[in-house]
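Undergrad: Here you go, sequence then predicted model.
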Amino acid sequence: MEIDHERFEAYLESFPEDMPEYLVNLEVHAKENGIPIIRKDSERLIRFMLTMKKPKHILEVGTATGFSSLLMAEYCPEKCDILTIEKDEERAKEAVVNFDKYDINHKISLQIGDADEILRKLSADASKKRYYDFIFMDAAKGQYINFYPYIMKILARRGILISDNILQEGSLLDSRYMIPRRDRTIHTRMREYAETLMKDKCLETVVLTTGDGMTLSIRK
Ligand code: SAH
Ligand code: MG
């Protein structure tokens, strides 16, 4: 029997919520306002990975209004810093308000701008070479493949790279000819990204159906 993902989500939601109340509220607020935040099962995966890895330096690409940054701040070690990048000014403004309120240990710093430029600068900075031991990629799907060379310069040895929305609502599994033309480019690029990760000899990568499809990579 195949697993029905809607029923799986309902199953997950049937468990008692154990996140702090402010995160629950932020999650509800984001969902009501159409902000594409991570899904419940992805939350669990990130929490698990943070507990296992205990990272010191986290990088997130795609802040939106700050839900996942705050989730990571909540479940990462006390002495851990998080740099998060967002290009949409309106969303970034809302994230700043949320960080001021809830990032009480001042772990998070936000850089507003295009990740392409910010990652390029980071990867050129010698002090950031192999610096980040936990990277969460959750921005414009078609751009991941462009970010990849920068990411590989700043990802630490034994560092974890998690990329979200790899399967594009499952439609990436469909036949190429069933996909509207405008979606094909992004699909091709997403496939290319997953393939690049899997082929990279410096990484070990697994593709999961978690959330909207995630890859989980570790630098060897
Ligand atoms: N990680 C968030 C959700 C992020 S949604 C959470 O789970 O709470 C993806 C975000 O990436 C959007 O807000 C979008 O504006 C941003 N984004 C897309 N392309 C970007 C780019 N090139 N540079 C910076 N941010 C980008
Ligand atoms: Mg996402």
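TA: Sure thing, it's come through. Residues are numbered from 1 along each chain as shown. Ligands and ions are numbered 1, 2, ... in the order given.

Undergrad: Stretch 60-73: end-to-end distance?
TA: In stretch 60-73, first residue to last residue: 11 Å (C-alpha to C-alpha, to the nearest Å).

Undergrad: Need the contact partners of the longest helix seen in the chain.
TA: Secondary structure of the chain per DSSP state H: the longest helix is helix 181-199. Helix 181-199 is contacted by residues 141-142, 144-145, 148, 161, 163, 165-168, 171-172, 176, 179, 203, 205, 207, 215, 217 when judged by C-beta atoms under 8 Å, 6 or more residues apart in numbering. C-beta coordinates here come from the backbone N, C-alpha and C atoms, glycine included.

Undergrad: Which parts of the chain are helices?
TA: 5-13, 21-32, 40-53, 67-75, 89-102, 115-124, 144-154, 181-199.

Undergrad: ranking those by burial, who's on top?
TA: Highest mean neighbour count of the helices of the chain: helix 67-75, a mean of 23 (counted as mean count of other C-beta atoms under 10 Å).

Undergrad: Next, see if that helix gets close to ligand 2.
TA: No - Helix 67-75 does not reach ligand 2 (C-beta under 5 Å from the ion); its nearest approach is 8.2 Å.

Undergrad: Tell me which residues are up against that helix.
TA: 19-20, 22-23, 26-27, 30, 35, 37-38, 43, 46-47, 50-51, 58, 60, 63, 80, 82, 84, 95, 98-99, 102-103, 105, 107-108, 110, 134, 136, 138.

Undergrad: cool, stretch 31-44 as well?
TA: 8-9, 12-13, 19, 27, 30, 46, 64-65, 67-68, 71, 91, 138, 164, 210-212, 214.

Undergrad: For ligand 2, what's its nearest residue on the protein.
TA: Proximity of the chain to ligand 2 (C-beta to the ion) peaks at residue 164, 3.7 Å away.
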